[in-house]
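[1] Quick one, what's the 3D model for this:
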Amino acid sequence: MSQESLDSTEIKIKEAARELFSELGMKGTTMRKVAEKAEVNVALVNYYFRSKEKLFLSIFEEKFRSYTKDGLSILNDTSRDLLDRIKTYIDRLNHQINNDQGLPIFILSETHYNSNLLDMLSDLNKEQAAIETQQLQATLDLDYHSGKIRPIKAIDFQMALFSMIVFPIISKKILTKTGKLAAAGFESYESYEPHWKATTLSIMEAFLKPLS
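    The predicted structure follows:
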């Protein structure tokens, strides 16, 4: 089997697993089901990933790295105004999570109930995470010393921004089915999304405003 064919097989397995994890959870997903959905032999799935947990960790780390790398490259681009960077970040992360809507819920659920999985996640690259946090902090400090924003910790900045983007997406079914969106004058979540993205930007602007 050529290297190109091997790479293609691994991608197919990951795509199948990502869908199954989102639909069935960790307990309901088996290596055999992944193989069937990916239309490959179960031996190949075991060859690439050895276990269901390692398959999940591979997907999680890949997605996490994608979210983090893309986001930081935008937020650390000091050639642009901070609010412009935040707007681009909101658009990018919103698009990424909309393409994997079930994954955030799956990760939250499984890490809450599966302590073994949480232990495995804690073994991911902490050193890299520390470096990225320091880089974002340095960027925010530059904006602070330039008088553009108030002093703020990178973790507070990330939590505020990330939660305002992720929570509405994972709550869209509840917002729709309970009539909350309709009561607010929105026909669907899709019609509400541009409004919330603009609101998020306004909230972040007020949150970052220099202290008088």
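[2] And the average pLDDT for stretch 30-50 is what?
    Taken as a whole, stretch 30-50 has an average pLDDT of 93.
[3] Would you mark the buried spots in that stretch?
    Across stretch 30-50, burial judged by 16 or more other CB atoms under 10 Å covers 31, 33-35, 37-38, 40, 44-45, 48-49. For glycine as for every other residue, the C-beta is placed from the backbone atoms N, C-alpha and C.
[4] dump the residue contacts of Ala184.
    Contact analysis of Ala184 by CB atoms under 8 Å, 6 or more residues apart in numbering lists Tyr192.
[5] can you do 10 Å?
    175, 192, 195 (CB atoms under 10 Å, 6 or more residues apart in numbering).
[6] what's the spacing between it and Met159?
    To Met159, Ala184 is 25 Å away according to CB to CB, to the nearest Å.
[7] repeat for Ile97
    In terms of CB to CB, Ile97 sits 16 Å off from Met159.
[8] Now, the buried residues of stretch 30-50 that are in helices?
    Mapping these onto helices (DSSP state H) picks out 31, 33-35, 37-38, 44-45, 48-49.
[9] which two in the residues you listed are spaced the farthest apart?
    Largest separation among these by CB to CB: Lys33 and Tyr48, giving 15.4 Å.
[10] Low-confidence bits of the protein, can you list those?
    Low-confidence segments of the chain, defined by pLDDT under 70, are located at 1-6, 102-103, 117-118, 120-125.
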